[in-house]
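Asks: Coordinates only, no sequence provided:
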């Protein structure tokens, strides 16, 4: 159970940086301590710090100390997703990659920058094809949307408080 000086996050499997998560709109109370959305247990997340993409599940959620929160103080954040076509010829499935983005950033302008420096680690399309290595848009470029499975334009609410903290000096502001 979280205290008011903690926030829920995924810990990047590459660099160990926390990826804070807003509250799920329709939480699955049987998984992830009620912090993970219903309708699927695995999701691909891109770490804003190292730009590596890994697959995560509700069991990967950890409560982190507030002083490790990489978000800018008083700035709301969204989970956004970038959809890319599978790079296997003839496959019509899409990869969906989520990341945390400041509310004041334009996802359509940020996505090309994010993709240009991103690296996938065994993420799987709906047909079972595996993407490893640099992420290159294939076919149509990409599609970017705010992921409405998580609360939109809010900080991470725990109880009735919203936690804010200053960004660590070595963090990459997203």
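Replies: Nice, I can see it. Nothing here was measured: the structure is a model prediction, and the numbers come from that model.
Asks: Ignoring the adjacent residues along the chain, who's closest to the most centrally placed residue in the chain?
Replies: Closest to where the C-alpha atoms of the chain average out (Cα atoms, centre = their mean) is residue 99, at 3.0 Å. If the residues on either side of it in the chain are set aside, residue 99 comes closest to residue 46, at 4.1 Å by Cβ to Cβ, 6 or more residues apart in numbering. No exception for glycine: its C-beta is placed from N, CA and C like everyone else's.
Asks: And that neighbour, how close does it get to residue 82?
Replies: 8 Å (Cβ to Cβ, to the nearest Å).
Asks: how much space between the spatially closest residue to residue 52 that is not a sequence neighbour and residue 96?
Replies: Excluding the flanking residues, the one nearest residue 52 by Cβ to Cβ, 6+ apart is residue 14, at 4.0 Å. From residue 14 over to residue 96 the distance is 19 Å, taken as Cβ to Cβ.
Asks: What of residue 67?
Replies: Look at residue 67 and residue 96: by Cβ to Cβ, they are 32 Å apart.
Asks: more crowded one of those two?
Replies: Taking other Cβ atoms under 10 Å, residue 67 and residue 96 do not tie; residue 96 has more neighbours (18 against 9).
Asks: which residues does the more buried one bridge with?
Replies: residue 83 (DSSP bridges).
Asks: So it sits against residue 79, correct?
Replies: No. Counting by Cβ atoms under 8 Å, residue 96 does not reach residue 79; the two are 11.2 Å apart.
Asks: residue boundaries of the strands in this protein?
Replies: 6-11, 18-20, 42-46, 52-57, 61-65, 77-85, 94-102, 119-124, 130-134, 143-146, 157-158, 161-162 (DSSP state E).
Asks: Kindly reformat those as TSV containing mean pLDDT and distance to residue 26.
Replies: Formatted as TSV, these follow (pLDDT from 0 to 100; distance: least, Cβ to Cβ, whole Å):
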stretch	mean pLDDT	distance to residue 26
strand 6-11	93	16
strand 18-20	95	19
strand 42-46	95	14
strand 52-57	97	17
strand 61-65	93	16
strand 77-85	92	14
strand 94-102	93	16
strand 119-124	96	24
strand 130-134	94	28
strand 143-146	91	16
strand 157-158	34	15
strand 161-162	30	20
